[in-house]
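S.K.: Okay, here's the prediction I keep looking at, along with the sequence it came from:
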Amino acid sequence: MNLETWHADLPDTTKSGLVDLAATIRRGDCVAFVGAGFSAGAGLPNWWRLLDRICACAEGGLAASAPEVELVRKRLDAKRLQEDGSTRPFDPGEAEMLAQLLKDAMSEEGAFQNALTQALGQPNETAAFRRRRSNLLQVPFRAILTTNFDGLLPGVYPQADAYRRLLREEEHWSWAHRFWPDPTGGAPSGAPVYQLHGNLDSSDSIVFTKGDYRARLYGSRGYLDFLKALMASRTFLFLGFSLGDEYLNLLRSDLLELLGGTATLAYAVMPLLPPAEATYYQKHEGIHVLPYTSHTGHADFDKYLDWLAVNTNPIRELRTLLQGRRVLWVDPNPQNNALALQQLGLAGNRGFTQLTSHREALSQLGAGADWDLVITNWGRGQGASARSQAEDFLAQLRSRPDQPPVIVFASDWQANRWRALRAGAFAYTWTWAGLFKEIRRVMRARDAMDTNGPSGV
């Protein structure tokens, strides 16, 4: 099933919610909040299995006979008996308590940290997981917050400088290079990642036990104020997160009361819920649930990310807009355009032609074929006052009734820009991102013309 069919088959409320979310992301007003369910795709254990492995380490060491370890084992065994078809709710508070008991029992220096690292194990970065991470990093979020301390989404431990950037200084631009898809299949750098609970690979304190949570919430100056300010000013998208953290729920309740109780503060991609429960989240928690069926191996979870990447990443949208379009690019140094050809998927596109001279271009444009766009270099003329090659080219095109829009891609020289626009260019730009943005403007106008006729532009 392709993404368009998948989206068309969604329930109306889910479909409209996803469209609204995409618009929020494109405005730069969305923060992703990533939980353990995201990393589960790389084979990392959930809370209970992680505690079970730490407990096994404790049982094999000096803390084997400690009463705390015995209690944890009893609780974990009870959980294991209910895992198949269990209706027992996941309780992060209980998990934090059990983690604290194990840490208390493993009192020797570094023992608990070592057991935690060993229990977490090495991730299995399958092709499916790498695609999941790449899609996440292609979505132009303002930031990605995560409570995961594994290395699958490496980031920084947020403190005052990060708070300042996100709340006061961070400029968001969805065309930024960090969101560009990697043509080789790797992941882009994406939005800045903040690991709220630390990172096992760094010296930051890991937040895992009840005491760790208390220290993070009330011992880290400004942490709760930062989260509250961010939740008040940005929309959150929860991914692989259980919504069980008490302090986040309290912050959200505070904001709902402040804003009148009807605001959508967040979206959450969650396993399929009964309709009444999804309505509850929308009405009383300010969360628009985007449901999926988990029995398919969470494939539908990944479809949400895939759809968002296609519909919010401007480069990927531009690739789609260019499909089936006829584009002519004139440049005596075509090797300089390799980056654009990779990003836009033009190389090998049957509708794309690359030429090195304006004379050849005029011949191609007069061959009777319909062209959707021409991109040209500036090409300085002889002498300070001489017209450029682009100006001569535009002058010859002006007499043609079917003149395609022309974008001049050249150096950052404002005088040339005004000359190009006076000569009839659609746009003059000098950065890759600026070029891509202008191409999208042309292609959207062409799509509108195809749909509605000339009045659609």
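M.R.: Received the coordinates, thanks. On a predicted model such as this, the values are computed, not experimentally measured, just so you know.
S.K.: for the residue nearest in space to the middle of the chain, what are its contacts?
M.R.: Nearest to the mean C-alpha position of the chain, counting by CA atoms, centre = their mean, stands Val139 at 2.8 Å. Contact analysis of Val139 by CB atoms under 8 Å, 6 or more residues apart in numbering lists 25, 32, 179, 190-191, 305, 308-309, 312-313. Bear in mind the C-beta positions are built from the backbone N, C-alpha and C, glycine included.
S.K.: again, but for Leu21
M.R.: 30, 235, 237, 267, 288, 290, 308.
S.K.: where does it land in three-state SS?
M.R.: On the three-state scheme (DSSP: H, G, I helix; E, B strand; the rest coil), Leu21 is labelled helix.
S.K.: cool, and the one 4 residues further on?
M.R.: Assigned state for Ile25: helix (three-state reduction, three-state DSSP).
S.K.: Who's the closest spatial neighbour of it, skipping the chain neighbours?
M.R.: Leaving aside its sequence neighbours, Ile25 sits nearest to Thr312 (CB to CB, 6 or more residues apart in numbering; 4.5 Å).
S.K.: same deal with Ser189?
M.R.: Per CB to CB, 6+ apart, closest to Ser189 is Arg178, 4.4 Å.
S.K.: I figured the one you found was touching Ala191, is that so?
M.R.: Yes. With contact defined as CB atoms under 8 Å, Arg178 reaches Ala191; the gap is 7.4 Å.
S.K.: Those two: which is more packed in?
M.R.: Taking neighbours as other CB atoms under 10 Å, Arg178 and Ala191 compare with Ala191 leading, 26 against 13.
S.K.: which helices and strands does the longest helix anywhere in the chain pack with?
M.R.: Secondary structure of the chain per DSSP state H: the longest helix is helix 432-452. Judged by 3 or more CB pairs under 8 Å, 6 or more residues apart in numbering; DSSP states H and E, helix 432-452 is in contact with helix 314-322, helix 338-344, strand 373-376, strand 406-409, strand 427-429.
S.K.: try 7 Å this time
M.R.: Helix 432-452 makes packing contacts with helix 314-322, helix 338-344, strand 406-409, strand 427-429 when contacts are defined by 3 or more CB pairs under 7 Å, 6 or more residues apart in numbering; DSSP states H and E.
S.K.: tell me the most buried of these?
M.R.: strand 406-409 (a mean of 25; mean count of other CB atoms under 10 Å).
S.K.: quick one: strands adjacent to that strand?
M.R.: strand 373-376 (parallel), strand 427-429 (parallel) (DSSP bridges).
S.K.: circling back: could you dump the helices and strands packed on helix 432-452 into JSON lines and include distance to Leu62 and mean pLDDT?
M.R.: As requested, the helices and strands packed on helix 432-452 are exported to JSON lines (distance: least, CB to CB, whole Å; pLDDT from 0 to 100):
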{"stretch": "helix 314-322", "distance to Leu62": "54", "mean pLDDT": "90"}
{"stretch": "helix 338-344", "distance to Leu62": "56", "mean pLDDT": "88"}
{"stretch": "strand 406-409", "distance to Leu62": "68", "mean pLDDT": "96"}
{"stretch": "strand 427-429", "distance to Leu62": "67", "mean pLDDT": "96"}
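S.K.: need these in CSV with distance to Gly61, can you?
M.R.: Below are these laid out as CSV (distance: least, CB to CB, whole Å):
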stretch, distance to Gly61
helix 314-322, 50
helix 338-344, 53
strand 406-409, 65
strand 427-429, 64
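S.K.: On the three-state scheme, the residue nearest to Ser189 is what?
M.R.: Following three-state DSSP, the label given to Arg178 is helix.
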